[in-house]
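In: Pasted the sequence and its predicted model underneath.
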Amino acid sequence: MTTPLRMPGDPGELTLPALLLRNAEDHGARPALSWRAPEAGGWRTLSWAAARRRIGELAAGFRALGVRRGEIVLLMMGNRAEHWLSDLALVHLGAVPVTVYGTAAPGQIAHIARHSRARLAVVEGPRERARWAPLFDDAAARLERLVTVEPGEGARPGGAADGRHESFAALRSRGAAAYDPGEFEAEWRRGGAEDPLTVVYTSGTTGDPKGVVINHRQVVQNAVALDAVVELPHHVEHLCYLPFAHIAERMLGLYLPVFRASHVHLCADPAQVGAVARELRPAQFFGVPRVWEKLTAAVRAVLDQLPEERRRAVVAAAETARAHVACRERGERPPAGLAAAYATAKAEVLDPLLAAAGFDRLVWTASASAPMPQEVVRFWAGFGIVIMDAWGLTETVGVATTNAPGAFRLGSVGRPLDGLAVRTAADGEIEVRGRTVCAGYLRADGTVEPVTGADGWFRTGDIGRIDADGFLWLTDRKKEMIVTSTGKNVSPALVENALKEHPLIGQALVHGDGRSYLVALLVLDPELAPAWAARHGVTGSLAELARNAVVRAEVERGVAAANAQLNRTEQVKRFSLLGEEWGPESGELTPSLKLRRHVIRHIYGQTLERMYAM
């Protein structure tokens, strides 16, 4: 377990501001927050003492704009210092900061603005300001003012308010002038652990986002339970690149760093996470399954370029590492011979490769959000890295179950955290009860609708099973299960992960609800497919490769290999090969990189129908 820091009170009664004060008092000189600052020629860093002072000044600035205790303030910014600091500043005022995904469609923005009844939003740049400004004239919304973080404005005062618009720099300048330490301390001390800390709007894979109300007590208790099973160094650094609108990054990049007094490095561009990892060499790394899939493809592309002799050495070292991991998974101590062979393979073969990726210092790796492809888990086990797969939802304040170094099963999502009970219903739906299940869903009138039944159990909508050792195995989302015309239930994620075991297949969607057989849309991997094609004398764009007979024949072999692992109902009879990657910007993925199945089915509706007409 992680050695806990001083608790400034009963964990069940603590608030985030109380923990931030502890950090400033006990760890004031330690780094809290770093971000890229091109004007400074690299990274800029705030210590915990300096960060708290900046938060106090921003709180004074927001107070001057009329922000009141209990009201929601919307934030739409990337992973930048203004976002992180503003969130905590609003918390110190007793306001409720709510982050909106930067990729949200206009209708989703309008829904959240109306539903939350927010009067103020803080957005990044002229583009976002233009997207939000129409809400001033929306009769169903209450938006009164936009604060805009102008590109490169830094701490420069400027941008006079016009009643509706104000620059972030002006807000900060006004706050610095008005900051009163006594007033700042008195304000946050009026709050309690049961007060709302945030509302997280779900990403809306099937409809309008729901606002999940989360309080201080639930976050702190979840942090305590997590630290009881994870093993991390003191003040561990965290590479923060996922959106703060997602519960995972809100916990990992904001709340847990305050709880642990750790060091957050903000990565404003998620596409640069690999480069930043190589530079920082973090001790912990979290990625949703799609991120791990992309990292796997990138490393494989490098391995494919190695000379044959070196590649054989890597394969042999990987087998040794997997055998070592398998012993740990069974709870056994690796035999002396295996331990020695693994130490040699790690030092001479694996660590140099990991160092090139910035992963040589990792002591904790994790994933969550969706079923992890087994092939990806096995790949990283070949480097001695065990991805500690976890499971939870926004409604469970993030992690509800997790694997741990002393107790893990590759492919499972672990055991429940302390304070939570997990069970499965007759139809396999996973249900959760316990102290970190959220308060409920925000209603449009400001009241809260409970998420649990009278018995206290929350029905998660996920399907899974619990084995004899208490490990939870995730199958799929209940609403995404395919029911064929013969009445058979099929988990699309199970089939899609089998298909993606072939390196040329980067993304997959299986379709077949109400049909007699399954078909699939397959997307070529943008990194591995061109490298494979070049080795086989084929060139062209990804779209051209998708039409190439040689590439298609190899993908057909991959589909056949996947079908060999599946029962007859789960097998894919026909597929279409696509050469354009799906993403959040084009709408096929949520901001947390999960498939928006209804969107993909709508876009490729004719393609899907043609596969049934053949």
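Out: All right, it came through fine. Residues are numbered from 1 along each chain as shown.
In: Contacts only, for the closest residue in space to Asp467 that isn't next to it in sequence.
Out: Nearest non-adjacent residue to Asp467, counting by C-beta to C-beta, 6 or more residues apart in numbering: Trp473, 6.5 Å away. Where you see a C-beta, it was placed from the backbone N, CA and C, and this is true even at glycine. Counting by C-beta atoms under 8 Å, 6 or more residues apart in numbering, Trp473 touches 411-413, 464-467.
In: So which of the residues you listed is the closest to Phe62?
Out: Val413 (38.6 Å; C-beta to C-beta).
In: Put the buried members of the contacts of Trp473 into a ChimeraX selection.
Out: In ChimeraX syntax, the buried subset of those is picked out as below (16 or more other C-beta atoms under 10 Å):
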select :411,412,413,464,466
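In: The contacts of Trp473: which two are farthest apart?
Out: Gly411 and Ile466 (13.7 Å).
In: how close does Arg44 get to Arg36?
Out: 8 Å (C-beta to C-beta, to the nearest Å).
In: between these two, which one's more packed in?
Out: Neighbour count, other C-beta atoms under 10 Å: between Arg44 and Arg36, Arg36 has more, with 17 against 14.
In: can you list contacts of the helix or strand harbouring Arg312?
Out: Using DSSP states H and E, Arg312 sits within helix 308-329. Outside helix 308-329, the residues that touch it by C-beta under 8 Å, 6+ apart are 303-304, 306, 333-335, 338-339, 341-342, 345-346, 348-350, 353, 378, 381-384, 386, 405, 408-410.
In: which among the residues you listed end up buried?
Out: 334, 341-342, 345-346, 349-350, 353, 381-384, 386, 408-410.
In: The residue nearest to Asp467 - that's part of a strand, no?
Out: Yes - read with DSSP: H, G, I helix; E, B strand; the rest coil, Trp473 is one of the residues of a strand.
In: How about the contacts made by His27?
Out: Contacts of His27 (C-beta under 8 Å, 6+ apart): 5, 48, 235, 261.
In: Okay, domains of the protein per the record?
Out: Annotated domains of the chain cover 17-191+240-268, 283-385, 481-613 [automatic domain parsing].
In: Between these, which one is closest to Asp10.
Out: domain 17-191+240-268 (10.5 Å).
In: Show me the helices in the stretch 451-600 of the chain, by range?
Out: Remark: helices assigned in the stretch 451-600 of the chain by DSSP state H, counting those that start in this stretch are 492-499, 528-535, 542-547, 549-565, 597-603.
In: Make a markdown table from these and add distance to Ala228 to it.
Out: Output for the helices of the stretch 451-600 of the chain, formatted as a markdown table (distance: least, C-beta to C-beta, whole Å):
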| stretch | distance to Ala228 |
| --- | --- |
| helix 492-499 | 30 |
| helix 528-535 | 39 |
| helix 542-547 | 46 |
| helix 549-565 | 37 |
| helix 597-603 | 36 |
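In: Test for you: state the pLDDT assigned to the closest residue to Asn489 other than its chain neighbours.
Out: Residue nearest to Asn489 in three dimensions, not counting chain neighbours: Met481, with 5.4 Å by C-beta to C-beta, 6+ apart. What the model reports as pLDDT for Met481 is 89.
In: residues in contact with Met481?
Out: Shown in contact with Met481 (C-beta under 8 Å, 6+ apart): 463, 489-492.
In: now the residues you listed: which count as buried?
Out: Buried members of those, counted by 16+ other C-beta under 10 Å: 463, 490-492.
In: Where does pLDDT dip in this structure?
Out: Scanning the chain for pLDDT under 70 picks out the ranges 1, 40, 152-162, 203-207.
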